[in-house]
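Q: pasting the sequence and the predicted coordinates here, then a few questions.
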Amino acid sequence: MDEEIKHLSYTLDKYDEVIDDSKLKLSNLKSIYKNNYDEMMEEKIRLEGLVNSVLKAKKSPYFARVDFESSTNKDVCYIGRLGVSDYDNNIITVDWRAPISSLYYDSNVGDASYKTDDEIINGKLLLKRQYTIEDSKLISFNDVDTVSNDELLKPYLSVSADSRLKNIVSTIQSEQNKIIRETITKNIIVQGVAGSGKTTVALHRIAYLVYNYRTLYKPSDYMVIGPNKFFVNYISSVLPDLDVNGVKEYTPIELFNDYIKDTYDVNSKLDILKSIDEISKFKTSLTLKNKIDDYFKNLEILPKDDFNIKGVKILNLSVIKNIYDEIDKKIYKSVKSKIDRLILLLDKYIQDNNDKILSKLIKNKTEKKIIDEFKNNSILHLKKYFKVLNASIKDIYINILTDNNIDIMNIKQNKIDYEDIYPLMYIKYKITGNTYDNFKHIVIDEAQDYGIFSFYILKKLFKNATFSIYGDLAQSIYPYRSIESWDILKNVFNNYEILKLNKSYRTTIEIMNEANKINELLNLDLAIPVIRHGSKVEYTKESILNVLKSLSSEYKSIAIITNTKKESEDIYNEIKNKINVNLIDSFNMNFDNCINILPSYLSKGLEFDSVIITNINSYDKNNILDMKLLYVSMTRALHKLIIKF
């Protein structure tokens, strides 16, 4: 212990040196860079970021140590959230994302190896040690000789929901680490049971890729697409703690607004439809994608009249058609790219035949100013000639829906449903060919709730990117658009690997065993709970208020989860004047540490110390959607689950 206390003191002193040296350099930037303002500002931002990061890391500079001996060297590495070196390039702490750090996550003591960009380093792992450091004080440490030991996780998993986030990096497990460290060149689909850490893995994978591919890509070359604004706000707070800034974060609706650049009133339709909505199902299917393809295949790009100016024929339609037919449609795929290419070719043809064309204008006594105007703006006149360039995306969509006998009244008024956003984006893509070329990797969470059409257009828009896709088929709760099998994505991605996270770290064995009964009923993979026991799942007829009284003194965060939105509202109105409660709905996604009341379909991705599920008899065992909603609700509880009749 004395030796470890000394090393922590040494580390903190070295951190202070880095902070002081960085501040000194900051104060002298003007004299260092003199007239190079841009470089000076870039260095200023880097140094200020370093100072803030090291100051934050001082509270817990490292969480692990590995001693590794190879044939050429012996390394003693203290692993932290942040890799820090002094100004002589001596390593103080090793970043958890560095190649050698994988020894802590993946290797037993004994013969071991890790992979760098160039080679595999073989040797012996002599020591693997785990630390608890709080507020710059060493609380405890213990030696670990196996890859994963559930017993070691217990102290981290038994704390309250908000405290768990502080220890994520130190508790990454081997199967999670494998996914985090997959190469950026692969498309991966992660099927993870409730509580398996899918979102944690997703965010740490982004952090890992940003760190290890920093010489190739910027943080802004990555995007995370989350299911709702609450999730996006959450990742906005977590990524900076992982030393990641600048990653783009969008909900699907925000992405739609950015791409379409038009104003629509989008009904996100977070409320669950218990029956199959055939129209929504059609809008999220490849059937509609094919209908849109057929529309553009039959679209008459060329006008039906000759190209005229002031009643004077400039070009015959037959000449225009011949030039259009020569365009390589494999290169120029979108409507806009074909027309832009055609306009350039026609303009060249006009310039090459300028005298002959102008003679027609003079022959017809066209005013000289019109002649000059045409000479200078032939491309502008040609753009006006191709009216399809000005076609409204909305009008095209309305035409396609009308042909399929679907009501378009709301869409005419720019009011659309969530399911309309992908067809509208696809129509714009077909017209303009616009894509997000700079993005290199896209993370999608809660992906089981995306329709196949959604994935298809996302792959088109992010044509230079690979994807990491995370979801749980047991939690697919939108029957009109949810993915039923990951295998269906072979229609979108040429190659991908499905990886599984079957171990649940969220709930106790007692809670997970109860929830697994639903997985059995649905013929889905069973979740394997971490060896953490708690109290039995309680079934009760007690009133909500009585149940809350028994929980409020022991648990920090409590959720009352209902089957329907109306039931949430009814319970809220019943008890709001008797106890401090917060109603969660589509308009209020602000959670606090009091008692939150919410319908089951809004609880996905969340976790609470204790959960009360109301009106268990309202869930139909023969209804797949009901069972999935019940499964989602049960697996939100960390420590205590009470189910009310």
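A: In hand now; what should we look at?
Q: CA only for contacts and neighbour counts going forward, please
A: OK.
Q: which residue ranges form the helices in the stretch 251-400 of the chain?
A: 252-260, 278-283, 286-297, 317-325, 335-352, 354-363, 368-376, 378-385, 393-403 (DSSP state H, counting those that start in this stretch).
Q: out of these, which is closest to Arg65?
A: helix 252-260 (40.9 Å; CA to CA).
Q: got the helices of the stretch 251-400 of the chain as JSON lines, with mean pLDDT, distance to Pro599 and mean neighbour count columns?
A: Formatted as JSON lines, the helices of the stretch 251-400 of the chain follow (pLDDT from 0 to 100; distance: least, CA to CA, whole Å; neighbours: other CA atoms under 10 Å):
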{"stretch": "helix 252-260", "mean pLDDT": "94", "distance to Pro599": "22", "mean neighbour count": "17"}
{"stretch": "helix 278-283", "mean pLDDT": "87", "distance to Pro599": "22", "mean neighbour count": "17"}
{"stretch": "helix 286-297", "mean pLDDT": "93", "distance to Pro599": "31", "mean neighbour count": "16"}
{"stretch": "helix 317-325", "mean pLDDT": "91", "distance to Pro599": "56", "mean neighbour count": "14"}
{"stretch": "helix 335-352", "mean pLDDT": "89", "distance to Pro599": "45", "mean neighbour count": "17"}
{"stretch": "helix 354-363", "mean pLDDT": "74", "distance to Pro599": "70", "mean neighbour count": "14"}
{"stretch": "helix 368-376", "mean pLDDT": "72", "distance to Pro599": "64", "mean neighbour count": "12"}
{"stretch": "helix 378-385", "mean pLDDT": "84", "distance to Pro599": "52", "mean neighbour count": "16"}
{"stretch": "helix 393-403", "mean pLDDT": "92", "distance to Pro599": "32", "mean neighbour count": "16"}
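Q: want to throw those helices into a markdown table with distance to Tyr539?
A: Shown next, in a markdown table, are the helices of the stretch 251-400 of the chain (distance: least, CA to CA, whole Å):
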| stretch | distance to Tyr539 |
| --- | --- |
| helix 252-260 | 38 |
| helix 278-283 | 37 |
| helix 286-297 | 44 |
| helix 317-325 | 72 |
| helix 335-352 | 61 |
| helix 354-363 | 88 |
| helix 368-376 | 82 |
| helix 378-385 | 70 |
| helix 393-403 | 49 |
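Q: Ser535: which of those is closest?
A: The closest of the helices of the stretch 251-400 of the chain to Ser535 is helix 252-260. By CA to CA, the value is 39.3 Å.
Q: just the CA trace of that closest one, in PDB.
A: Extracted C-alpha coordinates of helix 252-260, given in PDB (Å, rounded to 0.1, in the frame of the first residue of the first chain):
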ATOM      1  CA  PRO A 252     -33.300  10.700 -37.100                       C
ATOM      2  CA  ILE A 253     -35.600  13.800 -37.200                       C
ATOM      3  CA  GLU A 254     -32.600  16.100 -36.800                       C
ATOM      4  CA  LEU A 255     -30.800  14.300 -39.600                       C
ATOM      5  CA  PHE A 256     -33.900  14.600 -41.800                       C
ATOM      6  CA  ASN A 257     -34.100  18.400 -41.100                       C
ATOM      7  CA  ASP A 258     -30.400  18.800 -41.900                       C
ATOM      8  CA  TYR A 259     -30.700  16.900 -45.200                       C
ATOM      9  CA  ILE A 260     -34.000  18.100 -46.500                       C
END
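Q: what is that helix packed up against?
A: helix 421-432 (3 or more CA pairs under 8 Å, 6 or more residues apart in numbering; DSSP states H and E).
Q: buried ones in the following helix or strand past the helix it packs on?
A: Of the helices and strands lying after helix 421-432 in sequence (DSSP states H and E), the nearest is strand 441-444. The neighbour-count check on strand 441-444 (16 or more other CA atoms under 10 Å) flags His441, Ile442, Val443, Ile444 as buried.
Q: quick one: which two of those residues are the most distant?
A: The widest separation within these (CA to CA) is 10.1 Å, between His441 and Ile444.
Q: got any residues that touch both of those two?
A: The contact sets of His441 and Ile444 overlap at Phe467, Ser468 (CA atoms under 8 Å, 6 or more residues apart in numbering).
Q: count the residues that sit near Glu42.
A: Neighbourhood size, Glu42 [other CA atoms under 10 Å]: 10.
Q: state the distance from it to Tyr87.
A: As judged by CA to CA, to the nearest Å, Glu42 and Tyr87 stand 18 Å apart.
Q: now do Tyr78
A: Look at Tyr78 and Tyr87: by CA to CA, they are 18 Å apart.
Q: next secondary structure after the strand ranked longest in the chain?
A: Secondary structure of the chain read by DSSP state E shows that its longest strand is strand 120-134. As assigned by DSSP H and E, the chain's next helix or strand after strand 120-134 is strand 137-143.
Q: from the chain's centre, how far out does that next one sit?
A: How far strand 137-143 lies from its chain's middle: 35 Å, per CA atoms, centre = their mean, to the nearest Å.
Q: for stretch 11-28, same thing?
A: Distance of stretch 11-28 from its chain centroid, counting by CA atoms, centre = their mean, is 35 Å.
Q: contacts for that stretch?
A: 44, 47-48, 50-51, 54-55, 58, 61, 84-87, 92, 136.
Q: can you give me the buried ones in the host helix or strand of Gly49?
A: Secondary-structure assignment from DSSP H and E places Gly49 in helix 37-57. Within helix 37-57, the residues that qualify as buried are Met40, Glu43, Lys44, Leu47, Leu50, Val51, Ser53, Val54, Leu55, Ala57, counting by 16+ other CA under 10 Å.
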